[in-house]
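Asker: have a look at this prediction, sequence included:
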Amino acid sequence: MKLKRLISMVALCCVALLAQAQTAVSPNGKLKAHVADGKLVVSHRKATVLELADVAFTKLTFVRKVTDDYQMLEGKRLHCHNEAKEYEAPIGPDAKMVMRLYNDGIAFRYEYQNLHSQQHPEEHTTYVIPEGMRRWMLQWSDGYEGFFEPSTTANVKKLGGFGGNRPTNEVNTHWGYPLLMQPADGLFALITEANIERRQSASSLFSKGELFSVVQDQNDLLLSGSWHTPWRVVIIGTLADVVQSTLVTDVSEPSTLADASWIKPGVVSWIYWANNHGSNDYNIIKKYVDMAVSLHLPYVLIDAEWDEMNKVASNQGKTIEDAVAYAVAKGIKPLIWYNSSVGWVNGAPGPKYRLNKPEDREREFAWCEKMGVVGVKIDFFSGDNQMNMDYCIDLMESAAKHHLLVNFHGAPITRGWQRTFPNLLSTEGVYGAEWYNNVPTFTKKAASHNATLPYTRNVVGPMDYTPCAFSDSQHPHITSHGHELALTVLFESGLQHLADRPESFLAQPQEVQRFLGELPVAWDETRFVSGYPGESAVLARRSGDTWYVAGINGKDEPQTLTLPLDFIKGKHHAVTLFADADKQGDGHTTANAGEAWDISTPSKLPTSIACKARGGFVLVIRK
């Protein structure tokens, strides 16, 4: 009996030791994390991917298995599934780190108890990014509008000037999410965060040499009881693992919306790119409504300054109510623009101060719903602070009560809200096509920038880049027609705003017009096909039984893009290829728009496509 008791005690001790394992493991065993010399070291297979410096714990205790299985209304994948192993590590008497190892990354947050009317505890998360490691970093700004510049050092000059396009002599130390790095050949890690809740601010990264510290933005609330940070998220694996990951929404709170049947992603006819004061002109609005009718688009966006419509003499007394009524009568669903009135206010367009107070917001959204508006674009926020985060949540919740879709502009990147608040169909947070309307910088940088976004910004959520322009705005573009068309598939957004003017779209071949009218913006599946940040990107997205394969060349010289499409099974009844004609010029509309295109119906799937400099293509495969 004594021997049996001894054996039992030894067995219990072994179980306890296993529960306090020094190595945490993902469900498939590829990712591991352990504590060594005061650092948390994360490895993929046997390669070190990530280190967290100066961690305040020495052991990790396994807690449970976590399974995420849910449906989305928009995004890179409608049915999402992921699994993780969850561990805990005490960091004080009333605080702990909760860490999950998924097959495609790591997520962790800090949880606190017994707070007594105090500001949020200081966070000590510090990523180590060694000098010499290749990375793509975004200089922080309150609207997250910048370039993900490739580098092998943190010693990067700060950019200044309008649009962040003029190098200064000062080294930048403040970085926005996401940050992509390449720890080894074929191995990547993307740093971001997810699941911003009430009483929280968002965070960003501050660098000092190789150390990149997570710093929470301004939060003046006094906290009592329990509180936790958002999830710190690092997606890890091959480029395919990063691009296809849904980890940001996996760790975000599910929606509590009882009825989401009114939420419909779709393509939008958009005024600003070609007519940046056009939304105060009733007659210009009519043209974009008519364009939506001609192309069979579901939506039209009436942008800033619609509240000044009565000041334009040619409108002959027409107001926003008349413009909305015209769209509704034509079967087009209108969205309208608002200034958030917390960021750029003085000198900014209106309408202003209509959404800030709860009673005003309720009255405004009820008015929108009554006259037939189905969504709102809200612009000019002031960064990552707690006030902005709570205000955005107020806006999404109030809009949902009145069946209004939401698109945030001049705002931080989305951090999983697309799952929690499914009426949020897109967020800007990107240096997009509207910059052709502002500064000349984008002309030369657009192609490589476009070929970087699928690996960085668009990984974490919908991105309102406003793609697809065949003609020019204030400053010219030199990307090809095929490149521009490919962006409508390559860039994921629940509201895909088409940037060009009506006469340009309607001058394109019927096949192109039909493509835009049939374009899905919510995808059952997304696959990485080939490419490398800044050089090229080829993605395949499936809607029902139809695959859309889009690719762009980010270089200023021709290159051939490979298409390993073995995952597309079965007999294909119709294959259509939209490519650039050899004689096409640099991105500008020709006298005969058809001359810019090479539209064909291949008898079998191509294994590669030769792209001209800054060119692109779309392949539509129907079963």
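Answerer: Everything's here; your move. Residues are numbered from 1 along each chain as shown.
Asker: all contacts plus neighbour counts: C-alpha atoms, from now on.
Answerer: OK.
Asker: how far away is the residue nearest the centre of the chain from A84?
Answerer: Nearest residue to the geometric centre of the chain (Cα atoms, centre = their mean): G461, 3.1 Å. Distance, G461 to A84, by Cα to Cα, to the nearest Å: 21 Å.
Asker: now do stretch 533-546: everything it contacts.
Answerer: Here stretch 533-546 makes contact (Cα atoms under 8 Å, 6 or more residues apart in numbering) with 76, 447-455, 489-490, 520, 522-531, 547-555, 561, 563, 620-623.
Asker: OK, contacts around the nearest residue to D464 once chain neighbours are set aside?
Answerer: The shortest distance from D464 to any non-neighbouring residue, by Cα to Cα, 6 or more residues apart in numbering, is to E428 (4.6 Å). Neighbour list for E428: G143, N407, F408, H409, G410, A411, P412, I413, M463, D464, Y465 [criterion: Cα under 8 Å, 6+ apart].
Asker: now the buried members of the contacts of stretch 533-546.
Answerer: Buried subset of those (neighbour count, 16 or more other Cα atoms under 10 Å): 76, 447-455, 489-490, 520, 522-531, 547-555, 561, 563, 620-622.
Asker: ok, which stretches of the stretch 301-450 of the chain are strands?
Answerer: Ranges of strands within the stretch 301-450 of the chain are 333-339, 375-379, 405-408, 424-427, based on DSSP state E, counting those that start in this stretch.
Asker: in a markdown table: those strands, plus mean pLDDT, distance to S207 and mean neighbour count.
Answerer: Supplementary listing: those in a markdown table, determined by pLDDT from 0 to 100; distance: least, Cα to Cα, whole Å; neighbours: other Cα atoms under 10 Å:
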| stretch | mean pLDDT | distance to S207 | mean neighbour count |
| --- | --- | --- | --- |
| strand 333-339 | 98 | 33 | 24 |
| strand 375-379 | 98 | 29 | 25 |
| strand 405-408 | 98 | 28 | 26 |
| strand 424-427 | 98 | 26 | 29 |
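Asker: closest to E359 out of those strands?
Answerer: strand 333-339 (16.1 Å; Cα to Cα).
Asker: contacting residues around that closest one?
Answerer: For strand 333-339, the external contacting residues (Cα under 8 Å, 6+ apart) are 298-304, 306, 324, 327-328, 345, 349-354, 372-380.
Asker: quick one: buried ones out of those residues?
Answerer: Buried subset of these (neighbour count, 16+ other Cα under 10 Å): 298-304, 306, 324, 327-328, 349-352, 354, 372-380.
Asker: highest neighbour count among the contacts of E428?
Answerer: With neighbours taken as other Cα atoms under 10 Å, the top of the contacts of E428 is I413, carrying 31 neighbours.
Asker: which non-adjacent residue is nearest that one?
Answerer: Nearest to I413 is G429, by Cα to Cα, 6+ apart, at 4.7 Å.
Asker: is it true that the one you found touches W140?
Answerer: No. Contact criterion Cα atoms under 8 Å: G429 and W140 do not qualify, at 10.7 Å.
Asker: mind listing which of the contacts of stretch 533-546 are in helices?
Answerer: Residues of the contacts of stretch 533-546 located in helices (DSSP state H): A447, S448, H449, N450, V489, L490.
Asker: between those residues, which sits nearest V248?
Answerer: Set against V248, the nearest of the ones in helices among the contacts of stretch 533-546 by Cα to Cα is L490 (19.0 Å).
Asker: and the closest one, what does it touch?
Answerer: Contacts were defined as Cα under 8 Å, 6+ apart; by that measure L490 touches P454, V538, L539, A550, G551.
Asker: if we go to 10 Å?
Answerer: By Cα atoms under 10 Å, 6 or more residues apart in numbering, the contact set of L490 is 450-451, 453-454, 458, 467, 483-484, 526, 537-541, 548-552, 618.
Asker: and H116, by the same measure?
Answerer: Applying Cα under 10 Å, 6+ apart, the residues contacting H116 are L222, L223, S224, G225, S226.
Asker: from I129, how far off is the first one?
Answerer: To I129, L222 is 34 Å away according to Cα to Cα.
Asker: phi and psi next, for the residue nearest to D464.
Answerer: The phi/psi pair for E428 (degrees, to the nearest 10) reads phi -70, psi -100.
Asker: what about it, distance to M463?
Answerer: Computed as Cα to Cα, the E428 to M463 distance reads 5 Å.
Asker: where do the contact lists of these two overlap?
Answerer: Joint contacts of E428 and M463 (Cα under 10 Å, 6+ apart) are N407, F408, I413, T414, S493.
Asker: just to revisit the earlier point, surely the residue nearest to I413 is in contact with M463?
Answerer: Yes. G429 lies in contact with M463 (Cα atoms under 10 Å); the separation is 7.1 Å.
Asker: which residues are common contacts for these two?
Answerer: Common contact partners of G429 and M463 (Cα under 10 Å, 6+ apart): F408, I413, T414, R457.
Asker: count the neighbours of the third one for me.
Answerer: When neighbours are counted by other Cα under 10 Å, T414 registers 24.
Asker: contact partners for it?
Answerer: 193-196, 248, 408, 424, 426-429, 457-458, 460-463.
Asker: one more time with 8 Å
Answerer: For T414, the contacting residues are T427, G429, V460, G461, P462, by Cα under 8 Å, 6+ apart.
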